[in-house]
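>>> Following is a predicted model, sequence given first.
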Amino acid sequence: MSTSPANMHDWREERESARDAEIKQAIAERIRDLDQSSGHSEDAQEFMGDVLSAIADSGILIETFHCYLFKLWQTRNAQDEEDKKKMARAAQVIANLLAPIMRDIVSSDIHKEFDA
């Protein structure tokens, strides 16, 4: 058995690391594609349906979503600064609810593609 540096290199670790980087890149590209899409495609609508279904499956998330969606609706014609801040806050909470679920779904889909 040779003890040269080439034989001590962990090729399996390198392959796994390259695969992990490829998965991360694919996730980033898929999210970027979603950011740039108009939302009118069948895939985008199905994806949003999956996100909203995930929210609906969680009692706490759906209650929070409903609450802030209602607050957003209440402030839809905001004129003064206080109402505009309430509207921005409601939109931010909704975005914060959606983002991790969207990332999880995209990540899960990409991992399934790579493992298939």
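Here it is on my side, so go on. These figures come from a predicted structure and were not determined experimentally.
>>> Next, count neighbours for residue 62.
Look at residue 62: counted by other Cβ atoms under 10 Å, it has 15 neighbours. For the C-beta atoms, the positions are set from N, CA and C on the backbone; glycine is no exception.
>>> Buried residues, the host helix or strand of it. List them.
Per DSSP states H and E: residue 62 is located in helix 59-74. Judged by neighbour count using 16 or more other Cβ atoms under 10 Å, the buried positions of helix 59-74 are 64, 65, 68, 71, 72.
>>> check contacts around the last one.
To tie it back to what came earlier, the one meant is residue 72. Taking Cβ atoms under 8 Å, 6 or more residues apart in numbering, we find residue 72 in contact with 87, 90, 91, 94.
>>> right, and the second one touches residue 71 too?
Just to be clear, that refers to residue 90. Yes. Assessed by Cβ atoms under 8 Å, residue 90 is found in contact with residue 71 at 4.1 Å.
>>> Check which helices and strands the lengthiest helix in the chain sits against.
Counting by DSSP state H, the longest helix found in the chain is helix 81-115. Under the contact criterion of 3 or more Cβ pairs under 8 Å, 6 or more residues apart in numbering; DSSP states H and E, helix 81-115 touches helix 11-36, helix 42-56, helix 59-74.
>>> Can you check the pLDDT for the residue nearest the centre of the chain?
Computing the C-alpha centroid of the chain and ranking residues by Cα atoms, centre = their mean puts residue 103 first, at 2.1 Å. Residue 103 carries a pLDDT value of 88.
>>> what sits against it?
27, 31.
>>> Quick check: it vs residue 79, distance?
Distance of residue 103 to residue 79, computed by Cβ to Cβ, to the nearest Å: 35 Å.
>>> Please apply the same query to residue 21.
Distance from residue 21 to residue 79, counting by Cβ to Cβ: 49 Å.
>>> now swap in residue 44 and tell me
According to Cβ to Cβ, residue 44 and residue 79 sit 33 Å apart.
>>> With residue 89 instead?
16 Å.
>>> can you check residue 104 too?
Counting by Cβ to Cβ, the gap from residue 104 to residue 79 is 38 Å.
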